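*Asks:* From the sequence below, what's the structure:
(one chain, ligands or ions: 1)
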Amino acid sequence: MNSGKGTPCTSSATEGIFRGKSDDLNQRKSVRAHIKTVASRVRFKTSKMVIGAPILLAAFVFSPVFTPAQAQEQQPAFPILPSGPGKETLVKICGSCHSPDNVALHGQSREDWQATLAKMVGYGMSASDEELNEVLDYLAKNFPKPPPAKINVNKATAVELELGLGISSKQAKALVEYRTKKGNFKSLDDLRKVPDIDNKKVIENKDRLIY
Ligand code: HEC
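*Replies:* Coordinates of the predicted model:
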């Protein structure tokens, strides 16, 4: 094998060897440095896993898999659900697929609750008509449709005015233009001065308007 190494015949060859050696050394150094960074990353990861594992375990242990018997043991069960007729039935019939307190995020009209219950029956929920009616009453009473958000007519953007008031984008832009030129609206009458504004829509929404 004539690799050139160990045959220092000419100065250039010697240089070559030295360069080769130092390159080698540098390479080894950088490999070592790399191993160190990788090792520290691995250590970092491990420490994360060490912290993460109990959290995962806890999440698993406390996940909302429960039986009605457990629900009775933990008092109060699902505190976000106001107590009252229908709550127990809700926990019993809805809780087999998902946490029954997801209803708290879905405030809606009685008709819409009825549609949601029909959808759940479609997913395979088993419940008697009596139970369904009881739960419907509970949901309609405790989780009604939230009141529509207020709109600040002096701060809302054209898009917010369009969506919030249900007016055309042209009208919304006209409102913003008018406001920019003439200053803040102070009353419903001010709004109605805007050319081409849909008075009916504005009046319909008058209780939601903030000046
Ligand atoms: C057989 C299983 C099952 C049962 C029992 C069940 N659900 Fe569901 N529920 C689902 C599934 C699946 C989804 C997710 C649907 C989706 O992502 O579109 C869901 C989603 C929901 C949602 C989220 C909004 C929506 O309409 O998708 C609400 C609210 C809800 N369920 C309420 C209830 C109520 C109230 C009950 C008891 C009366 C109930 N569920 C019982 C399967 C069930």
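*Asks:* The ligand contacts on the protein?
*Replies:* Proximity of the chain to the ligand is assessed by Cβ under 6 Å from any ligand atom, with 90, 93-94, 96-98, 102-103, 106, 116-117, 119-120, 123-125, 135 identified as the residues in range. For the C-beta atoms, the positions are set from N, CA and C on the backbone; glycine is no exception.
*Asks:* So which of those residues are in helices?
*Replies:* Judged by DSSP state H, the subset of the residues of the chain next to the ligand located in helices is Leu90, Ile93, Cys94, Thr116, Leu117, Lys119, Met120, Val135.
*Asks:* out of these, who's nearest Pro148?
*Replies:* Lowest distance from Pro148 to these (Cβ to Cβ) belongs to Thr116, with 20.0 Å.
*Asks:* Identify the spatial nearest neighbour of Asp112, chain neighbours not counted.
*Replies:* Beyond its immediate neighbours in the sequence, the residue positioned closest to Asp112 (Cβ to Cβ, 6 or more residues apart in numbering) is Lys145, lying 7.4 Å away.
*Asks:* hang on, the earlier thing: tell me which two in the ones in helices among the residues of the chain next to the ligand are the farthest apart.
*Replies:* Set against one another by Cβ to Cβ, these have their most distant pair in Leu90 and Lys119, with a gap of 15.3 Å.
*Asks:* Could I get the full set of strands for the chain?
*Replies:* Remark: strands of the chain, listed N- to C-terminal, are 151-152, 209-210; assignment by DSSP state E.
*Asks:* Identify the residues contacting the first one?
*Replies:* In this structure, residues lying in contact with strand 151-152 by Cβ atoms under 8 Å, 6 or more residues apart in numbering are Glu160, Leu161, Gly164, Leu165, Asn205, Arg208, Leu209, Ile210, Tyr211.
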